[in-house]
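**Student:** Here is a sequence together with a model predicted from it:
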Amino acid sequence: KAIFEKIPTYTVTFNPNGGKGSMLPQTFTESVVQNLTVNAFVREDHSFTGWNTRADGTGTSYTDGQNVTIGEDITLYAQWEKNAPVVYNVIVTDDGNGSGSAAPSSGVTGTAVSLSAMPNTGYRFKEWQVAPDTVTINDNQFTMPGANVTVQAVFEPIPSVDVAIDEANFPDKTFRDYVS
């Protein structure tokens, strides 16, 4: 008469450890090698770096999808690394009749940026033109969005004023007497 023994099975439970999403527990048969379930959790501004038997990362580490044998029920905690903030640039151009600048000229989303414009002789500042068009400039300032920004300083000529003096009406003075 054949006697069959039940081979033990163990459960691996996956914990998002600050992440979001869900993963079903995974069943392992004793002494059978199999791959860990690939991570399905996400965490804003973080990258997944692997699994660990302790939430703080001081236990046994496993890579995503690693071949393992499991001999007990365990919980694996997702391990996360904070992503470096993305720095975006401000590109300032002009129309050739002056120059513009931005301070700072780069920054992360939410950085306050101040613009300044210096017209060439005979010109005055008219406006800033900006791309993307979702950026709003108020009082020569804007808040850095999650993208590079291009602004163009636009200048216009200062209108000239023509003055005509009829010297016949002012015989005792010269033109210089009126403008000095």
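**Tutor:** Okay, I see it. Numbers count the residues shown, from 1 in each chain.

**Student:** what residues does stretch 93-111 touch?
**Tutor:** By CB atoms under 8 Å, 6 or more residues apart in numbering, the residues outside stretch 93-111 that reach it are 85-90, 92, 113-120, 123, 125, 128, 143-146, 150-157. In short, each C-beta sits where N, CA and C put it, glycine included.

**Student:** end-to-end on that stretch?
**Tutor:** 20 Å (CA to CA, to the nearest Å).

**Student:** where does the protein have low pLDDT?
**Tutor:** 163-180 (pLDDT under 70).

**Student:** So which residues of it form helices?
**Tutor:** 175-179 (DSSP state H).

**Student:** sorry, back to before: separate out the buried members of the contacts of stretch 93-111.
**Tutor:** Neighbour counting by 16 or more other CB atoms under 10 Å classes 88, 90, 92, 113, 115, 117, 119, 123, 125, 128, 144, 151, 153-155 among those as buried.

**Student:** Quick check: the gap between residue 55 and residue 3.
**Tutor:** 43 Å (CB to CB, to the nearest Å).

**Student:** cool, and residue 115?
**Tutor:** 85 Å.

**Student:** for residue 32, same thing?
**Tutor:** Taking CB to CB, one finds residue 32 at 21 Å from residue 3.

**Student:** Who has more neighbours out of these two?
**Tutor:** Between residue 32 and residue 3, counted using other CB atoms under 10 Å, residue 32 has the larger neighbour count: 10 against 4.

**Student:** Quick check: nearest residue in space to the more buried one, chain neighbours excluded?
**Tutor:** For residue 32, ignoring the flanking residues on the chain, the nearest one in space by CB to CB, 6 or more residues apart in numbering is residue 69 at 6.7 Å.

**Student:** Same question for residue 87.
**Tutor:** Nearest to residue 87 is residue 106, by CB to CB, 6+ apart, at 5.3 Å.

**Student:** Near the one you found, how many other residues are there?
**Tutor:** 15.

**Student:** Same question for residue 131.
**Tutor:** Around residue 131 there are 13 residues (other CB under 10 Å).

**Student:** Can you give me every residue that contacts it?
**Tutor:** Contacts of residue 131 by CB under 8 Å, 6+ apart are 149-151.

**Student:** Show me what it bridges to in the sheet.
**Tutor:** Here residue 131 shows beta-bridge partners residue 150, assigned using DSSP bridges.

**Student:** Against residue 153, how distant is it?
**Tutor:** According to CB to CB, residue 131 stands 14 Å off from residue 153.
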